[in-house]
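Participant: only geometry, no sequence info:
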Ligand SMILES: Nc1ncnc2c1ncn2[C@@H]1O[C@H](COP(=O)(O)OP(=O)(O)OP(=O)(O)O)[C@@H](O)[C@H]1O
Ligand SMILES: [Mg+2]
């Protein structure tokens, strides 16, 4: 099979989830000056589904994430959230639509502790008569609950996050996204630069997001992660969606061929 001539595009009648997609991109295109970053890309994400977005450098993955995070706007095409047309004009609009993104840098404040990071910019304040003091105990209680819901283990909620492991930091960044109970969670390279056991921890976290019925989009260059976690894999090449596979419906070399445009080795 050559992926170019026979893309394995999903068939909605093909035993997949029948619910309304949480997130849907229809023929979305985006240019930066003369550069075609995305060309008529379709993508659907259903509740309780992990979709991996893969592709070589420059394929358009980050651009797609920016569009659904409200950081950039598409030139043409449509983004739908729970079946409704959505205008994601700003990160705030995307968050209000129930889409939260964990960018690769995690944007944690190293000198602050887990609770402070979880509520950064969304602190819980007391009433006006109390001077609207930040309610630490309310936030700690909610922090414990959200950390527990993903089984993120921290020895103390009061340690500056700089002292935590990469896996724990990723866990806090994911939990911060969950404070607003988003329907869709997008993770950009969540396991890059993690050791084996921490990588396992983060893949477990992603599995729990799925169990919670959220839609998850994971960008990854790590094909082991993709095989392990993704219910569907969408392959971008030079801004175009060139293939889509279901779990178990592809070999590693098929995936790499789709990403690079190379022909599959005949001895595979
Ligand atoms: N702000 C921008 N201005 C100009 N060109 C851009 C801009 N952002 C992205 N591009 C171009 O759009 C194309 C897609 O880039 P994008 O960052 O989405 O790729 P990617 O798949 O995330 O790659 P990588 O794996 O390297 O992160 C590239 O050719 C890139 O140079
Ligand atoms: Mg990128």
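Facilitator: Nice, I can see it. None of these values were measured; they are calculated from a predicted model. Numbers count the residues shown, from 1 in each chain. Ligands and ions are numbered 1, 2, ... in the order given.
Participant: Just want the most central residue of this protein.
Facilitator: residue 186 (1.7 Å; C-alpha atoms, centre = their mean).
Participant: Contacts only, for it.
Facilitator: Taking C-beta atoms under 8 Å, 6 or more residues apart in numbering as the contact definition, residue 186 lies against 65, 68, 69, 99, 100, 101, 102, 216, 217, 218, 219. Just so you know, the C-beta spots here come from the backbone N, C-alpha and C atoms, and that holds for glycine as well.
Participant: where does this structure have low pLDDT?
Facilitator: For the chain, the stretches flagged by pLDDT under 70 are 1-18, 123-134, 263-268.
Participant: near ligand 1, which residues of it?
Facilitator: Residues of the chain lying near ligand 1 by C-beta under 6 Å from any ligand atom: 32, 35, 37, 55, 57, 58, 59, 60, 61, 62, 63.
Participant: So which of these belong to helices?
Facilitator: Cross-referencing those against helices under DSSP state H gives 61, 62, 63.
Participant: with these in mind, which one is nearest to residue 200?
Facilitator: The closest of these to residue 200 turns out to be residue 61 (C-beta to C-beta; 23.3 Å).
Participant: follow-up on the earlier one: and the ones in helices among the residues of the chain next to ligand 1, which is closest to residue 160?
Facilitator: Within those, proximity to residue 160 (C-beta to C-beta) peaks at residue 62, which comes in at 29.1 Å.
Participant: So what does the residue nearest to that closest one when sequence neighbours are not counted look like in phi/psi?
Facilitator: Leaving out its chain neighbours, the residue that sits closest to residue 62 by C-beta to C-beta, 6 or more residues apart in numbering is residue 188, at 6.9 Å. As for residue 188, its main-chain torsions (degrees, to the nearest 10) stand at phi -100, psi 110.
Participant: Check whether residue 188 really touches residue 103, as I assumed.
Facilitator: Yes: look at residue 188 against residue 103 with C-beta atoms under 8 Å: they come within range, at 5.4 Å.
Participant: Stretch 43-58: which residues count as buried?
Facilitator: 43-56 (16 or more other C-beta atoms under 10 Å).
Participant: again, but for stretch 75-90
Facilitator: Under 16+ other C-beta under 10 Å, the buried positions of stretch 75-90 are 77, 79, 80, 81, 82, 86, 88.
Participant: hmm, back to that, filter the residues of the chain next to ligand 1 to the buried ones?
Facilitator: For these, buried by 16+ other C-beta under 10 Å: 37, 55, 59, 60, 61, 62, 63.
Participant: which two in these are spaced the farthest apart?
Facilitator: Largest separation among those by C-beta to C-beta: 37 and 55, giving 11.5 Å.
Participant: all strands for this structure, in order.
Facilitator: Applying DSSP state E to the chain gives strands spanning 23-32, 35-45, 49-54, 76-81, 84-85, 99-102, 184-188, 215-219, 232-237, 240-246.
Participant: closest to residue 154 out of the ones you listed?
Facilitator: Taking the strands of the chain one by one with C-beta to C-beta, strand 99-102 is closest: 17.5 Å.
Participant: For that closest one, which helices and strands make contact with it?
Facilitator: Judged by 3 or more C-beta pairs under 8 Å, 6 or more residues apart in numbering; DSSP states H and E, strand 99-102 is in contact with helix 61-68, helix 166-178, strand 184-188.
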